[in-house]
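Chemist: A predicted structure for the sequence below; I have some questions about it.
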Amino acid sequence: MEEVVLRLKELLFPSIADIAVLSVDVDIEIVRVDAQCIADGAVCPVCGVWSNLVHGSYLRFPTDVPSGDRSIVLQLRVRRFTCGNSECARRTFVE
């Protein structure tokens, strides 16, 4: 199963190094993939300051594409960071 998870990571996230596939659930109709970023932090898109101050997290469900007769459901947990720059107009941002 671990080999399948690693292969799915390569197929779904080829250009993202810091992503972990947490679980894969396959049945007759649906393939559900649960993933999250494992980077230590992120850069604010407005001011460029690095932050690892997690403000919260939530789930995103990017548009799924059928594979054969099965639906693919990607459940991606993303974190919202607090910008460490007190002069930045953006107080929080998503990784």
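Modeler: The structure has been received and is ready for your questions.

Chemist: quickly run through the sheet partners of the host helix or strand of residue 33, with directions.
Modeler: Secondary structure from DSSP states H and E places residue 33 in strand 30-37. According to DSSP bridges, strand 30-37 forms sheet pairs with strand 19-26 (antiparallel), strand 71-82 (parallel).

Chemist: and those as TSV, adding distance to residue 41, mean neighbour count and mean pLDDT?
Modeler: C-beta here means a position set from N, CA and C on the backbone, and glycine is covered the same way. Below are those laid out as TSV (distance: least, CB to CB, whole Å; neighbours: other CB atoms under 10 Å; pLDDT from 0 to 100):
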stretch	distance to residue 41	mean neighbour count	mean pLDDT
strand 19-26	15	14	83
strand 71-82	7	16	89
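
Chemist: who's in contact with the nearest residue to residue 91 once chain neighbours are set aside?
Modeler: Excluding the flanking residues, the one nearest residue 91 by CB to CB, 6 or more residues apart in numbering is residue 83, at 6.0 Å. Neighbour list for residue 83: 44, 46, 47, 49, 51, 90, 91, 92, 93 [criterion: CB atoms under 8 Å, 6 or more residues apart in numbering].

Chemist: just put those residues in JSON lines and tack on neighbour count and pLDDT.
Modeler: Below are those laid out as JSON lines (neighbours: other CB atoms under 10 Å; pLDDT from 0 to 100):
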{"residue": "44", "neighbour count": "20", "pLDDT": "96"}
{"residue": "46", "neighbour count": "13", "pLDDT": "96"}
{"residue": "47", "neighbour count": "14", "pLDDT": "96"}
{"residue": "49", "neighbour count": "14", "pLDDT": "96"}
{"residue": "51", "neighbour count": "20", "pLDDT": "96"}
{"residue": "90", "neighbour count": "12", "pLDDT": "92"}
{"residue": "91", "neighbour count": "12", "pLDDT": "93"}
{"residue": "92", "neighbour count": "14", "pLDDT": "95"}
{"residue": "93", "neighbour count": "19", "pLDDT": "95"}
